[in-house]
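> compute the structure for the input listed below.
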Amino acid sequence: SRSHPCAGHSRLARHSPDQSRRDHRVCVCEGFPSAVRNLLIAAAVGTSYYSCSIWCVINRVYGEAIAIDRERCTMARKGDGFVRWTIVLGLICAVMSQQSTVSQKLYEGSQKFALNFFKKISEFVDSDPSVTTTNIIISPLSVWTLLALLTEGADGKTLRELLDVLNVDNQNDIKYNFKNLIDTINVNTSEVEISSLQLIFTDITQQRQQAFDDSIVQFYGQDLLRSLDFNSSPPARKSSYQTINGIVSNATKGQIEKAIHPSDLKDAKMLILSVLFFKGDWTLPFNRSQTVDTPFLNENDVTVGPVPMMYSKAVFPFAAFRELEAQIVELPYGSDRHLSMMVILPRKGVPLKDVIGRLANFSMQTIYQELRTAAEEYEDDEVEVYLPRFEITADYKLKAPLFDMGVKAAMSKETAQFDRMANG
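Residues are numbered from 1 along each chain as shown. Got it, this is the predicted structure:
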């Protein structure tokens with residue numbers, strides 16, 4: 001416990017009105033912003049929560065082979081009681097309320113995929129010498145929905161690998177729950193907006209299987225399928241490129257204006273795209289007048305510079321998790337609190353990668369249940385939260401991480417089986 005914040009460390013302190021019960025402080029947010037992963041933001045996936053993420057992933061199909069090309073995302077956060085995310089920060093994941101009509105198997109599978117995917121991206125960022133920052137922004141849910149769409153056209157080993165990576169027993173679990181999942185994600189109120197969009201673009205020379213089209217329309221949505229001219233001429237390709245980027249820009253309220261490059265369409269037969277946009281008001285706003293520049297330390301206790309630090313003192317769900325060797329606080333959005341941001345911090349001296357590794361094998365439902373229990377036990381305790389403002393942009397190549405997770409046959413023209421999707 002600490003009686004005063006260390007310079008450069010954002011922190012969280014809990015105060016009980018009954019001082020005989022509790023009066024201590026715990027550090028929660030140190031190590032930001034040079035290593036954003038010290039602040040793991042988990043889009044809530046438990047009871048009555050939804051994911052918060054915005055981004056775009058592009059897939060290209062060359063004949064029968066799919067190349068997972070890129071994740072592009074931007075995230076900006078400001079204080080003053082209003083948070084605008086142009087894309088997901090940090091950790092997780094899938095989405096749904098247990099009261100929703102999404103199956104429990106799909107719910108649990110999407111959580112497991114999200115945690116494994118975050119761990120894998122983290123490992124690749126750490127091992128890639130070309131990466132100049134350790135900040136990570138990902139939306140596992142959007143990748144999950146893309147791979148889920150691919151299962152509709154996959155067969156044989158390609159299908160089995162996709163289902164294994166998605167942690168789904170059979171393709172029908174996806175087919176009969178996909179629409180409900182998307183409906184659960186989409187929220188539009190005066191305080192919170194979440195919108196999800198999936199599209200399948202096919203070159204006009206590529207013929208899709210009729211059974212694939214019928215299944216997509218029936219189980220995934222009537223407006224997913226589009227045909228564009230990718231390759232007949234440079235002007236046609238440019239027009240298609242502008243059309244796709246216009247759709248993404250509109251879906252993200254202008255935050256992602258160039259999701260793809262013209263070269264992404266050259267020789268491409270099909271492009272599958274997923275976008276998720278989130279904007280929300282804090283339930284308990286940060287006060288602009290209390291945001292001050294503060295020196296900040298990374299996880300090695302090295303000062304990385306001053307950051308504008310937001311402050312709030314209120315009743316927040318908060319708990320320490322011995323198995324994770326980390327502390328977690330939940331910051332809700334909107335008056336109904338159906339969406340939250342989870343802030344996860346390793347204990348002092350515990351490497352961040354160790355917490356990420358444990359989290360991949362941890363039950364998110366356990367986290368939510370523990371936070372609910374703590375909120376009931378300490379319902380009057382106020383928590384002091386210091387949180388930095390920040391803005392981050394990232395662009396990831398996803399082929400290698402997904403291959404390492406087990407999506408292998410789909411990556412090779414010789415082994416990919418997408419006969420149920422298209423001819424040739």
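> surely residue 121 is in a helix?
Yes - residue state for residue 121 (DSSP: H, G, I helix; E, B strand; the rest coil) corresponds to a helix.
> which residues does residue 277 bridge with?
Beta-bridge pairing for residue 277 (DSSP bridges): residue 195.
> lowest average confidence across helices and strands of this protein, where is it?
Lowest mean confidence among the helices and strands of the chain (mean pLDDT, DSSP states H and E): strand 82-85, at a mean of 28.
> quick one, helices of the stretch 151-300 of the chain?
156-166, 171-175, 178-185, 210-219, 234-251 (DSSP state H, counting those that start in this stretch).
> which of those has the lowest average pLDDT?
Mean pLDDT per stretch puts helix 178-185 lowest among these, at a mean of 86.
> can you list the buried residues in that helix?
178, 181-182, 184-185 (16 or more other Cβ atoms under 10 Å). All C-beta spots, glycine's among them, are computed from the backbone N, C-alpha and C.
> buried sites along stretch 403-411?
Under the neighbour-count criterion of 16+ other Cβ under 10 Å, stretch 403-411 has 403, 405, 407-411 buried.
> for these, which two are the farthest from each other?
Farthest apart among the buried residues of stretch 403-411 by Cβ to Cβ are 405 and 409. That separation is 12.9 Å.
> tell me which of the helices of the stretch 151-300 of the chain sits nearest to residue 353.
Closest approach to residue 353 among these is made by helix 156-166 (21.7 Å; Cβ to Cβ).
> contacts for that closest one, please.
For helix 156-166, the external contacting residues (Cβ atoms under 8 Å, 6 or more residues apart in numbering) are 109-110, 113, 144, 147-148, 150-151, 154, 169-171, 174, 402, 405-410, 415-418.
> which of these are buried?
Counted by 16+ other Cβ under 10 Å, the contacts of helix 156-166 give 109-110, 113, 144, 147-148, 150-151, 154, 171, 174, 402, 405, 407-410, 416-418 as buried.
> just these: which are in helices?
The members of the buried ones among the contacts of helix 156-166 that map onto helices under DSSP state H are 109-110, 113, 144, 147-148, 150-151, 171, 174, 402, 405.
> list the buried residues in the strand or helix carrying residue 373.
Here residue 373 sits within helix 364-377, counting by DSSP states H and E. Neighbour-count burial for helix 364-377, with 16+ other Cβ under 10 Å as criterion, is recorded at 364, 367-368, 371, 374-375.
> elements contacting it?
Packing partners of helix 364-377 (3 or more Cβ pairs under 8 Å, 6 or more residues apart in numbering; DSSP states H and E): helix 104-127, strand 318-321, strand 326-333.
> what are the buried residues along the first one?
Just to be clear, that refers to helix 104-127. Within helix 104-127, judged by 16+ other Cβ under 10 Å, the buried ones are 106-122, 124-125.
> list the helices and strands it packs on?
Helix 104-127 sits against helix 140-151, helix 156-166, helix 171-175, helix 352-359, helix 364-377, helix 399-405, with contacts defined as 3+ Cβ pairs under 8 Å, 6+ apart.
> which one, of those, ends up nearest to residue 211?
helix 171-175 (12.5 Å).
> give me the residues contacting that closest one.
103, 105-106, 109, 148, 151-152, 159, 163, 166, 168, 215, 219.
> distance of the residue nearest the centre of the chain relative to residue 217?
Central residue of the chain (Cα atoms, centre = their mean): residue 139, 2.3 Å from the mean position. Applying Cβ to Cβ, to the nearest Å, the value for residue 139 to residue 217 is 25 Å.
> neighbours of the closest residue to residue 199 other than its chain neighbours, how many?
Counting by Cβ to Cβ, 6 or more residues apart in numbering, residue 273 is the residue found nearest to residue 199 once chain neighbours are left out, at 4.9 Å. Using other Cβ atoms under 10 Å, residue 273 is surrounded by 24 other residues.
> hmm, residue 273 is touching residue 244, no?
Yes - judged on Cβ atoms under 8 Å, residue 273 makes contact with residue 244 at a distance of 7.1 Å.
> overlap in contacts of the two?
Residues touching both residue 273 and residue 244 by Cβ under 8 Å, 6+ apart: 201, 259.
> quick check: residue 388 vs residue 240, distance?
In this view, residue 388 and residue 240 are 40 Å apart by Cβ to Cβ.
> tell me which of the two has more neighbours.
Legend: neighbour count by other Cβ under 10 Å for residue 388 and residue 240, higher for residue 240 (25 against 20).
> what sits against the closest residue to the more buried one other than its chain neighbours?
Excluding the flanking residues, the one nearest residue 240 by Cβ to Cβ, 6+ apart is residue 228, at 4.0 Å. For residue 228, the contact set (Cβ under 8 Å, 6+ apart) comprises 201-204, 239-240, 243-244.
> ok, 10 Å please
Applying Cβ atoms under 10 Å, 6 or more residues apart in numbering, one finds that residue 228 lies in contact with 201-204, 236-237, 239-241, 243-244, 265, 268, 271.
> and it, bridged to which residues?
Here residue 228 shows beta-bridge partners residue 203, assigned using DSSP bridges.
> hang on, the earlier thing: now distance to residue 350 too, for the helices of the stretch 151-300 of the chain, in CSV please.
What follows is those, written out as CSV (distance: least, Cβ to Cβ, whole Å):
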stretch, distance to residue 350
helix 156-166, 29
helix 171-175, 36
helix 178-185, 33
helix 210-219, 44
helix 234-251, 39
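> figure out which of these is closest to residue 330.
helix 178-185 (19.3 Å).
> now do the closest one: which elements does it pack against?
For helix 178-185, the contact count by 3 or more Cβ pairs under 10 Å, 6 or more residues apart in numbering; DSSP states H and E identifies helix 104-127, helix 140-151, strand 192-203, helix 210-219, strand 270-281 as packing neighbours.
> if you set the cut-off to 6 Å instead, what comes out?
Secondary-structure packing of helix 178-185 (3 or more Cβ pairs under 6 Å, 6 or more residues apart in numbering; DSSP states H and E): strand 192-203.
> report the buried residues of the strand it packs on.
The neighbour-count check on strand 192-203 (16+ other Cβ under 10 Å) flags 192, 194-203 as buried.
> include distance to residue 294 when you put the residues you listed into CSV, please.
Converted to CSV, the buried residues of strand 192-203 look like this (distance: Cβ to Cβ, whole Å):
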residue, distance to residue 294
192, 29
194, 31
195, 34
196, 36
197, 38
198, 41
199, 43
200, 47
201, 46
202, 51
203, 52
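> tell me who's in contact with residue 191.
The contact partners of residue 191, taken as Cβ atoms under 6 Å, 6 or more residues apart in numbering, are 281, 334.
> related to what we said a few turns ago, pLDDT averaged over the helix holding residue 373 - what is it?
Throughout helix 364-377, pLDDT has a mean value of 87.
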